[in-house]
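[1] Sequence and predicted structure below; questions after.
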Amino acid sequence: MLPLRRPRRNIPEICTVPTALKAPAFVLTALVVVGAVPVRVDADAPRAGTVINADNVEAFDPYLGPSMRWIVERGYTMRVVAPRSIAHPPAFLEATERYSTGVELSSDRTHVVGHVAGLPFPRVDPNDPDVATKLMFNFNSAIAHDDSDIRNFDCDTGVVRNDDRPVAVEKHFLIDHIRRLYFVERTEVAPTPELPNRDRVRFKEALYPLMEPFDLKGVGFTMNRYLDHTRQDDTWLYLPQLRRVRRLSSAQRSDALFGQDTDQDSYEGYQGNIAWMDWSFLGEKTLLATMHAKHLPVKWHSAPGNFMHDDVWEPRQVWIVEGRPKLPQYAYSRRVMYLDKEIYRIPYTELYDRAGELWKVWVNNYRFAEAPRAGATYTFDWEVAYRPSIAMVDIQLEHATYCALPSATFPGEQGWYINLGSKEGAIEEFFDLNTLLSAGR
């Protein structure tokens, strides 16, 4: 077993030890294999130093989704670097080794049986008829932190231009906190693997308060994701201007609120309940993705592509998984997710309307590193997933919402507080409705 280690503090700069010398990674070929191995990509994949823009994007079409090609054609430039291997955290690997034996997919494919922590299915066969569902349950577990707080981030939303002008910003959002607390699948912060859990939830999440724009000041939400796969989420949205709490249905998680483009179910690439979709395996490919961003805070691209991060892209091997909603009022007809084989993160997700046409894309800008930025208060002895930015682009309306995590308006803010428990406020009381109401007043 690998020893468990805690986050370290006050490290002046990010260590540059190669990932291959750190904790072993799970890399999927025909089956998942344990061990630090080179990243495998197509021999013809774009090489380090390649620059992709509107003039040559057609030649690189096999390594992009249709949404990303649209973005490049609108003035975005991709700079390619060599791929680097990424490892799961040591405690997560240990939990996979300890608990994965005997885990099974339920007969109706809605939940896993016998899962405690780590990857539920560390050996995945692409010929398995249930491979898509198993991949998504692996993703669901891989993105879980014991607790997290993304702090002091902002978003702009507006019209994407068809010339050299920047996005015509309509609204600017400034958000204080988005916190999540897992009650199960815990691997690093005591107690593990489970907290006392009177509400029988998998996790609780809350985003509040909004500080800008002025007409939404104090708005926030809190939600419960339950262990019972047949139980819908409980989500409460507080609107202080109306002095009321609005309850949201699970179908409304696919709705974009307040004039921007993002929806709750698209966070992380997919944040809905795995049981709410019918999953299909569409194949695999080499895809360009940002997994080792150099900039935090994010550096935005020049106009007209300034709704996207200006950072490096690398070829990655991905599974392609499609989800079709079971909820009749769901906004999208399907989601197509590109799922990184090595680390189970989604570089981007494409969303289709009810007529089957490409509608939106959610893009994750990842930075796998030991610290979010140089001089961060909290760092690790292994690489952790940070996201300097996200972007949601409505291709049909030519509209985008793009967020900096954290905002550059807070100098020195590390923005990401992971697996710190009560040290940084990720406690159960934060997710109570009364706490939400107090913060919004």
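    Received, thanks.
[2] As a check, name the ranges of all strands in the stretch 1-150 of the chain.
    When secondary structure is read from DSSP state E, counting those that start in this stretch, the stretch 1-150 of the chain shows strands at 8-9, 26-28, 32-34, 51-52, 78-80, 104-105, 112-113, 147-159.
[3] tell me the angle of the helix or strand following the last one relative to strand 147-159?
    Counting by DSSP states H and E, the element after strand 147-159 in chain order, helix or strand, is strand 168-182. An angle of 160 degrees separates the directions of strand 168-182 and strand 147-159 when computed by axes from the mean of the first three to the mean of the last three Cα atoms, to 10 degrees.
[4] and strand 168-182, which residues are buried?
    Buried residues in strand 168-182, counted by 16 or more other Cβ atoms under 10 Å: 171, 173, 174, 175, 177, 178, 179, 180, 181, 182. Placement of C-beta: from N, CA and C, glycine included.
[5] quick revisit: highest average neighbour count across the strands of the stretch 1-150 of the chain: which stretch is it?
    Stretch with highest mean neighbour count among the strands of the stretch 1-150 of the chain: strand 26-28 (a mean of 24; mean count of other Cβ atoms under 10 Å).
[6] avg pLDDT for it?
    For strand 26-28, the mean pLDDT works out to 35.
[7] Check stretch 327-341 too.
    In this model, stretch 327-341 has a mean pLDDT of 96.
[8] again, but for stretch 277-284
    Computed over stretch 277-284, the mean pLDDT rounds to 98.
[9] Give me the contact list for it.
    The set of residues external to stretch 277-284 that reach it, using Cβ atoms under 8 Å, 6 or more residues apart in numbering, is 109, 126, 131-133, 135-136, 317-326, 335-336, 341.
[10] Residue 395 contacts residue 361, doesn't it?
    Yes - using Cβ atoms under 8 Å, residue 395 is in contact with residue 361, at 6.8 Å.
[11] Helices - which of the contacts of stretch 277-284 land there?
    Judged by DSSP state H, helices contain the following of the contacts of stretch 277-284: 131, 132, 133, 135, 136.
[12] How about the contacts made by the first one?
    With contacts defined as Cβ under 8 Å, 6+ apart, residue 131 is in contact with 124, 125, 281.
[13] picking that back up, what subset of the contacts of stretch 277-284 is buried?
    Neighbour-count burial (16+ other Cβ under 10 Å) applied to those gives 109, 131-133, 135-136, 317-323, 325, 335-336, 341.
[14] contacting residues for residue 310?
    Applying Cβ under 8 Å, 6+ apart, we find residue 310 in contact with 295, 299, 300, 301, 302.
[15] Could you pick out the buried ones from these?
    Buried among the contacts of residue 310 (16+ other Cβ under 10 Å): 295, 300, 301.
[16] could you dump the residues you listed to CSV with secondary structure?
    What follows is the buried ones among the contacts of residue 310, written out as CSV (DSSP: H, G, I helix; E, B strand; the rest coil):
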residue, secondary structure
295, coil
300, strand
301, coil
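[17] Can you lay out those as CSV showing distance to residue 57?
    Below are the buried ones among the contacts of residue 310 laid out as CSV (distance: Cβ to Cβ, whole Å):
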residue, distance to residue 57
295, 23
300, 20
301, 15
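[18] buried sites along stretch 232-252?
    Burial within stretch 232-252, assessed by neighbour count using 16+ other Cβ under 10 Å, is assigned to 232-238, 240, 245, 248, 250-252.
[19] Tell me the bridge partners for the residue nearest to residue 307 when sequence neighbours are not counted.
    Of all residues not flanking residue 307 in the chain, residue 400 sits nearest, at 3.9 Å (Cβ to Cβ, 6 or more residues apart in numbering). Beta bridges link residue 400 to residue 158, residue 393, judged by DSSP bridges.
[20] Tell me, how many residues neighbour residue 400?
    For residue 400, the tally of surrounding residues (other Cβ atoms under 10 Å) stands at 28.
[21] Let me know whether it touches residue 390 as I believe.
    No - between residue 400 and residue 390 there is no contact under Cβ under 8 Å: 10.9 Å.
[22] Return the backbone torsion pair for residue 434.
    phi -60, psi -40 (degrees, to the nearest 10).
[23] mind listing what it touches?
    Residues near residue 434 by Cβ under 8 Å, 6+ apart: none.
[24] What of residue 412?
    Shown in contact with residue 412 (Cβ under 8 Å, 6+ apart): residue 375.
[25] so residue 372 sits in a helix?
    No - Residue 372 is assigned coil when assessed by three-state DSSP, not a helix.
[26] Give me the pLDDT value at it.
    pLDDT, residue 372: 97.
[27] Enumerate the positions of stretch 434-441 that are buried.
    Residues 435, 436, 437, 439, 440 are the ones in stretch 434-441 that count as buried (16+ other Cβ under 10 Å).
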